[in-house]
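Enquirer: The following comprises the amino acid sequence and a computationally predicted model.
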Amino acid sequence: MSIGPLDLGILAPAFLAGLLVLATHVPLGTQVLERGIVFIDLAIAQIAGLGVIVADALGLPGGPVAVQAAAVCAALAGAALLAWTERRAGAQLEALIGVLFVLAASTGVLLLASNPHGGEHLQDLLVGQILWVGWPQLAPLAVVTVVLLAVLALGWSARLGRFGFYATFAVAVTASVQVVGVYLVFTSLIVPALATLGARHRLAAAAAIGAIGYAAGLVFSALLDLPSGPTIVCALAAVALIAHRIRALA
């Protein structure tokens, strides 16, 4: 079904993908702000992407399962490193997370330097391909989302201490970054949570901001023929700013 340039066959699965990402990133985003480690998602997402690049460079078997396995293994290794670092770094943790992100990004660029499609791989990692996500791709993301929500609701990640938080975060980011890209992962995690600091019913308000932002971004992307990822990022920021101003005037 389509309404003018709005093809619901394309927009509907893309919007559902956004809702699945928000389902885990909204609660995790509030924890990230409380811990003061805002750039952790960028570092973990970049490490997960590096895992895929390394697997490809080593000539390991391809396919969705192998790609996902490489990304998860790399992200969990990064989570273990961050958990170990947090116990020793103290106030320098955020700076070290930034260094880890830059190192992972630079290593990925170096590994792709001789790849004729390296630029495309990097662009996909950063901005994602949410507008072209299909229904078959949503099933694994939905399963991971349900499992992670159960883990958060039952407090299992908290029982494992620092590593439990970082491991849960790593799996959530890894599952999301391959669908929506690094930019949208960061925006989905931080912007709704930041816009609702101190708000009543914070999680519900943040989820509403995220859903409206994704919907508006997808619609504008389709109507104006703009790249979907950056358009949604800008829409999320705009919706969050409007929501914040409404709260300030209330």
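Expert: Structure's in. What do you need?
Enquirer: Which residues are in contact with the residue nearest the centre of the chain?
Expert: In the chain, the centroid-proximal residue (CA atoms, centre = their mean) is Val185; its distance is 2.3 Å. Shown in contact with Val185 (CB atoms under 8 Å, 6 or more residues apart in numbering): Val21, His25, Asp41, Ala45, Val173, Ser176, Val177. (Glycine included, C-beta is placed from N, CA and C.)
Enquirer: and if you look at Ala150?
Expert: So Ala150 contacts Trp156 (CB under 8 Å, 6+ apart).
Enquirer: Tell me the backbone dihedrals of it, please.
Expert: phi -70, psi -40 (degrees, to the nearest 10).
Enquirer: rewinding a little: pick out the lowest-pLDDT one from the contacts of Val185.
Expert: Least confident of those in the model: Asp41, at 74.
Enquirer: Is it correct that it is in contact with Thr187?
Expert: No - using CB atoms under 8 Å, Asp41 makes no contact with Thr187, being 9.6 Å away.
Enquirer: And the strands in the protein?
Expert: 2-3, 6-7 (DSSP state E).
Enquirer: Would you single out the least confident of the ones you listed?
Expert: strand 2-3 (a mean of 50).
Enquirer: Now do Ala172 against Gln178, distance only.
Expert: 12 Å (CB to CB, to the nearest Å).
Enquirer: Around the residue lying closest to Ala195 once chain neighbours are set aside, how many other residues sit close by?
Expert: Sequence neighbours aside, Ala240 is the residue nearest to Ala195 in space, at 3.6 Å (criterion: CB to CB, 6 or more residues apart in numbering). Using other CB atoms under 10 Å, Ala240 is surrounded by 23 other residues.
Enquirer: list the contacts for Ala240?
Expert: Ala240 neighbours (CB under 8 Å, 6+ apart): Val191, Pro192, Leu194, Ala195, Ile209, Gly213.
Enquirer: from memory the second one sits against Ala23, does it?
Expert: No - under the criterion of CB under 8 Å, Pro192 lies out of contact with Ala23, with a separation of 11.7 Å.
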